[in-house]
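1. Sharing a model prediction with you, sequence too.
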Amino acid sequence: MDFLIRRAGPEEYGALGEITAQAYLRDGLLAFDEDDWYLGELRDVAGRAAAAEVLVAVRDAGLLGGVTFVPSGGPMTDIAGPGEAEIRMLAVDHAARGQGVGEALVRACVERARAVEGCAGVVLSTQRTMRTAHRIYERLGFERAPERDWNPLPGRSDLTLLTYALTL
């Protein structure tokens, strides 16, 4: 691995926010456009860092991608229950794809979850079209938990998110 996974610094928040937003836009993962409210959430790395741990992958001071790790019971939890950590907003810059960055970021989250006292599992949400990410999750031992699938915008069946879970 020729890159490092570490906590994001405030000077990187803007760039990581843009990497995240562009990854979702370019992959067609938003059912919206550049004016969508969720893009603001994706770009708000400072807000995430205030409530959770934002990790980045860097090579020679260049950002390759990032992820948000929400410890058990954290305020950014969407689907995690008691004793579960959550992974959110995984994104890898298009130029860095296929280099193991996404997998390394997920592994770093799992390692952090193992270090959280009382944490028995890790959960995450993903879209149906994120097949490359699904393969990463499955390779790392995550299993589909269809009974936990959910919709962040009720009434929009096209936005149902799939849930994956890993027992630690």
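-> In hand now; what should we look at?

2. Rounded mean pLDDT for stretch 107-123, please.
-> Regarding stretch 107-123, the rounded mean pLDDT is 97.

3. Between the two ends of that stretch, how far is it?
-> 13 Å (Cα to Cα, to the nearest Å).

4. Please point out which parts of it sit buried.
-> Buried positions in stretch 107-123, judged by neighbour count with 16 or more other Cβ atoms under 10 Å: 108-110, 112-113, 116, 119, 121-123. Quick note: C-beta positions are derived from backbone N, CA and C, even for glycine.

5. So what touches it?
-> Residues external to stretch 107-123 that are found in contact with it (Cβ atoms under 8 Å, 6 or more residues apart in numbering): 5, 53, 55, 67, 69, 71-72, 79-81, 83-87, 140, 142, 145, 148, 163-168.

6. Can you select the buried ones among those for me in PyMOL?
-> The following PyMOL line selects those of the contacts of stretch 107-123 that are buried, judged by 16+ other Cβ under 10 Å:
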select buried, resi 5+53+55+67+69+71+72+79+80+84+85+86+87+142+145+148+163+164+165+166
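
7. Sort out for me which of the contacts of stretch 107-123 are in strands.
-> Among those, DSSP state E puts 5, 53, 55, 67, 69, 84-87, 163-167 in strands.

8. Check these and tell me the two furthest apart.
-> Farthest apart among those by Cβ to Cβ are Ile5 and Thr163. That separation is 24.0 Å.

9. where along the protein do the helices fall?
-> Taking DSSP state H to define them, one finds helices in the chain at 13-26, 37-43, 45-51, 101-115, 131-139.

10. Run through the residues that contact the closest residue to Ile87 other than its chain neighbours.
-> Computed as Cβ to Cβ, 6 or more residues apart in numbering, the closest residue to Ile87 that is not its neighbour in sequence is Leu124, at 4.1 Å. Leu124 makes contacts with 79, 86-88, 90, 137, 142, 163-164, as judged by Cβ under 8 Å, 6+ apart.

11. let's see 7 Å
-> 86-87, 164 (Cβ atoms under 7 Å, 6 or more residues apart in numbering).

12. Pipe these into CSV and attach distance to Arg43 per row.
-> Formatted as CSV, the contacts of Leu124 follow (distance: Cβ to Cβ, whole Å):
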residue, distance to Arg43
Glu86, 20
Ile87, 19
Tyr164, 25
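
13. Tell me the spacing between the nearest residue to Arg139 once chain neighbours are set aside and Arg6.
-> Excluding its sequence neighbours, the residue lying closest to Arg139 (Cβ to Cβ, 6+ apart) is Glu103, at 7.3 Å. Distance of Glu103 to Arg6, given as Cβ to Cβ, to the nearest Å: 16 Å.
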